Structures are given as C-alpha cells and as structure tokens.
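> With the sequence up front, the predicted model follows.
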Amino acid sequence: MTRRGYFKIREIAPDPKYNDSMVAKFVNQLMHDGKKTVAYKVFYKTLDKLSQNGEKGVEVFKKAIDNVSPTIGTKMKRIGGAVIQIPSEIRKEKQISLAMKWIIEIARKRSEKTMVEKLYKEITDAANNEGGAIKKKTDKQKMASSNKVFATLNF
C-alpha cells in the first residue's frame with residue numbers, strides 16, 4: 001500500500017472474442033516478453049480444443065479456476081525472533097489471480113510438446129479436481145490448517 005493513500009484497481013478490458021475480463025487477465029499472465037497476440041492464439045486454441053468435448057471451453061476454464069482457487073492462506077508475522085505463519089482468508093480477486101498463476105506455472109512445467117497441449121491438459125485436470133495446481137492448493141490449505149493455533153493471535 002502506498003503512503004499517499006490507496007491505489008486504484010485498474011479495470012482490465014475484456015478480450016475481443018469472448019468479451020470476458022477473466023480471459024483477458026489470464027492471457028495477460030500467460031504472455032511472455034510482451035507478445036500478447038501469441039498468448040491470445042495459444043489460449044484461444046486451448047479453448048477450442050476444450051470445446052471439442054461438447055462443453056463450452058470458457059465454462060470449463062472457469063470451472064478449473066474455481067476448483068484451483070484457495071480460500072485460506074497464511075501470512076508471515078515476526079514475533080520476537082520467530083516467524084509465525086498466521087492463517088487468514090484470501091480476497092476473491094487474490095484467489096482468482098493465484099489460481100491463474102498456479103495453472104500457468106504447472107502447465108509450463110508439463111512434459112507435452114506445445115503450450116496449447118500443456119495448458120489443455122492442466123485445465124482439464126483442474127476442472128476434474130486433479131493435477132499439479134489442485135495439489136498446490138491442497139498443500140496451501142494444509143499449511144494453513146496446521147497453523148490454526150496461531151489464528152487467534154491479534155496483531
């Protein structure tokens with residue numbers, strides 16, 4: 001937070017094809033070296049591949065984001081010489097951005113050949129409550145639940 005007041009949350013313009021701001025935000029995080037058109041091509045091909053199974057690709061994508069979104073996380077607090085992880089709820093915007101980052105990060109680490117295939121597999125896994133992004137979410141929530149003792153501390 002800035003010292004001069006609160007920062008403005010920027011409005012992200014929706015993407016041209018689906019007119020959805022969540023898709024535009026995902027493409028912005030997927031983008032490398034300012035190549036937004038390449039990121040749009042990769043993501044649109046992924047959604048087309050997702051929609052071949054009979055469902056709409058955007059709905060599968062949103063289901064995957066909802067499944068990966070963490071509800072609780074930890075914040076670090078320094079007390080004396082010890083650093084304690086205090087569990088806290090995560091805002092909805094932060095949940096969505098964490099889910100997007102995790103899906104992209106795990107997709108990049110996959111062993112498939114193209115990014116379209118990697119992203120397709122990771123989104124389908126996340127929509128079915130499987131895969132690396134779901135594992136990352138459960139690890140985060142296990143960490144928070146194991147530190148529930150410190151939740152009552154007020155700082």
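Looks like it arrived, so ask away. The structure displayed is predicted, hence computed values, not measured ones.
> switch to C-alpha atoms for all contacts and neighbour counts from now on
Will do.
> This protein: helices as residue ranges?
21-30, 36-51, 57-68, 92-109, 115-127, 132-146 (DSSP state H).
> Go through these and name the closest to residue 80.
helix 132-146 (21.1 Å; Cα to Cα).
> how far does that closest one sit from the chain's center?
13 Å (Cα atoms, centre = their mean, to the nearest Å).
> That helix versus helix 115-127: what angle between them?
40 degrees (axes from the mean of the first three to the mean of the last three Cα atoms, to 10 degrees).
> thinking again about what came up before, least confident of the helices of the chain, on average?
Of all these, mean pLDDT reaches its minimum on helix 132-146 (a mean of 89).
> I'd like to know which elements that helix is packed against.
helix 57-68, strand 72-79, strand 82-89, helix 92-109, helix 115-127 (3 or more Cα pairs under 8 Å, 6 or more residues apart in numbering; DSSP states H and E).
> picking up where we left off before, tabulate the helices of the chain (TSV), appending distance to residue 86 and mean neighbour count.
Listed next are the helices of the chain as TSV, based on distance: least, Cα to Cα, whole Å; neighbours: other Cα atoms under 10 Å:
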stretch	distance to residue 86	mean neighbour count
helix 21-30	28	19
helix 36-51	36	18
helix 57-68	21	20
helix 92-109	17	18
helix 115-127	27	21
helix 132-146	7	18
